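1. sequence unknown, structure follows:
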Ligand SMILES: Cc1ncc(COP(=O)(O)O)c(C=O)c1O
Ligand SMILES: C[C@H](O)[C@H](N)C(=O)O
């Protein structure tokens, strides 16, 4: 039954950056690619150009692939880093653990995901070393991959130095490093660094570079800085139903967004809206900000009845991410007045 009911104007903007539409630059790039016939399955000129553009952005000769969403990007990338008898070490709140329905374990044919704690959504290196070294017998799934998320699920960031320390530990224990970069653009914009500094130069072997939350219609890039690990990845994508026949419409936006700089402008805008929200919330004594807002989300703790009252006023937000509290996520098209309206309603309900 299709719901034809009239939807009240939902102030749902802060539930997720996945709620946002397609930004003008991505839309225009798709429209420009919609010209006549083009080879399918990635043999088109836009896909070749998008790969080259990504190599330019990272200043590295890397293997680049494009899939439909982040779960596919993460799980297929991780499956390329290890065998089924290995383990993948990640943070206990990692998206690959909490929100991908076991995709990494599935696509790797059973690789075990081992969880470690860490403040603010970032892995604790002592805990990682303990998990890797606590057993070396044949019965224990040998660690082979380390997965980190940048920006993290809790809206925090790894610094360049923290990433370098992770890369050194991975090298010491012969681990391959996967970076879930669903919000990589937000991290680059917030840290104001070159993309290479928080990826391959820090020891990342494969990055899933998010486009969806950055203003694209759909699509994530899987960027192998360690090209050997990309061997037959195209077959892995095909088997998983992730090889787009009309690839040009997945890849043309990458050209438009990277060439115009919109990828960084969109991320910087989302980050600035989150910072504005956090700064206003700090003035409300009944509300606690749970983690430093370093990217485009703000995690808030307030009385349950206040959260319910916010929902009753039409606000949408998730409470299943992180350790309790509510996540308010800003995106490329968040309006400053929406932030002001949210703050006013929070003041009214606490
Ligand atoms: C940190 C993180 N990684 C990956 C993803 C990708 O998930 P999806 O498969 O829903 O695009 C998301 C959410 O959208 C995310 O928040
Ligand atoms: C939580 C959900 O899986 C999505 N990654 C989001 O961040 O909104």
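-> In hand now; what should we look at? The model shown is predicted, which means the values in this text are computed figures rather than measured ones. Ligands and ions are numbered 1, 2, ... in the order given.
2. okay, CA-based contacts and neighbour counts for the rest of this
-> Noted.
3. what about residue 261, how many residues close to it?
-> 12 (other CA atoms under 10 Å).
4. brain fart, residue 231
-> 12.
5. Pull the contacting residues for it.
-> Residue 231 makes no contacts at all, as judged by CA atoms under 8 Å, 6 or more residues apart in numbering.
6. Next: residue 336.
-> residue 273.
7. if you go through the stretch 51-200 of the chain in chain order, where are the strands?
-> Under the criterion DSSP state E, counting those that start in this stretch, the stretch 51-200 of the chain contains strands at 63-67, 86-91, 112-116, 142-149, 176-181.
8. Quick check: which helices or strands does the longest one pack against?
-> By that I understand strand 142-149. Here strand 142-149 touches strand 86-91, strand 176-181, going by 3 or more CA pairs under 8 Å, 6 or more residues apart in numbering; DSSP states H and E.
9. how about that strand, does it reach ligand 2?
-> No: in terms of CA under 6 Å from any ligand atom, no part of strand 142-149 sits within range of ligand 2; the closest distance is 11.5 Å.
10. helices or strands next to the longest helix along the chain in the packing?
-> Longest helix of the chain, by residue count under DSSP state H: helix 262-281. Applying 3+ CA pairs under 8 Å, 6+ apart, we find helix 262-281 packed against helix 184-191, strand 288-289, strand 297-301, helix 336-349.
11. Spell out which residues of the stretch 51-200 of the chain are next to ligand 2.
-> residue 99.
12. shaky segments in the stretch 201-350 of the chain?
-> Confidence mapping of the stretch 201-350 of the chain against pLDDT under 70 gives the ranges 322-323.
13. In it, what residue lies closest to ligand 2?
-> Nearest residue of the stretch 201-350 of the chain to ligand 2, counting by CA to the nearest ligand atom: residue 321, 6.8 Å away.
14. what's near enough to touch that residue?
-> 93, 153-154, 327.
15. And the next helix or strand past the strand or helix carrying residue 236?
-> Taking DSSP states H and E as the definition, one finds residue 236 inside helix 233-239. Heading C-terminal from helix 233-239, the first helix or strand you meet, by DSSP H and E, is helix 248-260.
16. Show me what that following helix is packed against.
-> Using 3+ CA pairs under 8 Å, 6+ apart, helix 248-260 sits against helix 24-33, helix 45-58.
17. Just put those in a markdown table and tack on mean pLDDT.
-> Putting the helices and strands packed on helix 248-260 into a markdown table (pLDDT from 0 to 100) gives the following:
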| stretch | mean pLDDT |
| --- | --- |
| helix 24-33 | 98 |
| helix 45-58 | 98 |
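18. how much space between residue 127 and ligand 1?
-> 21 Å (CA to the nearest ligand atom, to the nearest Å).
19. Name the nearest residue to that residue, sequence neighbours excluded.
-> residue 116 (6.0 Å; CA to CA, 6 or more residues apart in numbering).
20. One more: residue 292?
-> Residue 292 sits nearest to residue 156 (CA to CA, 6+ apart), 6.5 Å away.
21. Residue 293 too?
-> Residue 293 sits nearest to residue 155 (CA to CA, 6+ apart), 5.8 Å away.
22. burial count for that neighbour?
-> Number of residues near residue 155 (other CA under 10 Å) recorded here: 28.
23. pLDDT score for it?
-> Looking at residue 155, its pLDDT reads 97.
24. check contacts around it.
-> Counted by CA under 8 Å, 6+ apart, residue 155 has contacts 291-298.
25. Now cross-check these against ligand 2 and list the overlap.
-> Near ligand 2, by the rule CA under 6 Å from any ligand atom, you find none of the contacts of residue 155.
26. Derive a ChimeraX selection command for the buried subset of the residues you listed.
-> In ChimeraX, a selection of the buried entries from the contacts of residue 155 looks like this (16 or more other CA atoms under 10 Å):
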select :291,292,293,294,295,296,297,298
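27. Next, format the contacts of residue 155 as CSV and append distance to residue 168.
-> Listed next are those as CSV, based on distance: CA to CA, whole Å:
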residue, distance to residue 168
291, 26
292, 26
293, 27
294, 24
295, 25
296, 28
297, 29
298, 31
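28. The contacts of residue 155: which two are farthest apart?
-> Longest distance between any two of the contacts of residue 155 is 12.0 Å, between 291 and 296; criterion CA to CA.
29. residues from the protein in reach of ligand 1?
-> 69-71, 95, 153, 180, 182.
30. of all those, which two lie farthest apart?
-> 69 and 153 (16.3 Å).
31. which non-adjacent residue is nearest residue 118?
-> residue 124 (4.5 Å).
32. Thought residue 116 was touching that neighbour, still the case?
-> Yes: between residue 124 and residue 116 a contact is recorded at 7.2 Å, counting by CA atoms under 8 Å.
33. neighbour count winner among the two?
-> Neighbours were counted for residue 124 and for residue 116 using other CA under 10 Å; residue 116 has more, 21 against 16.
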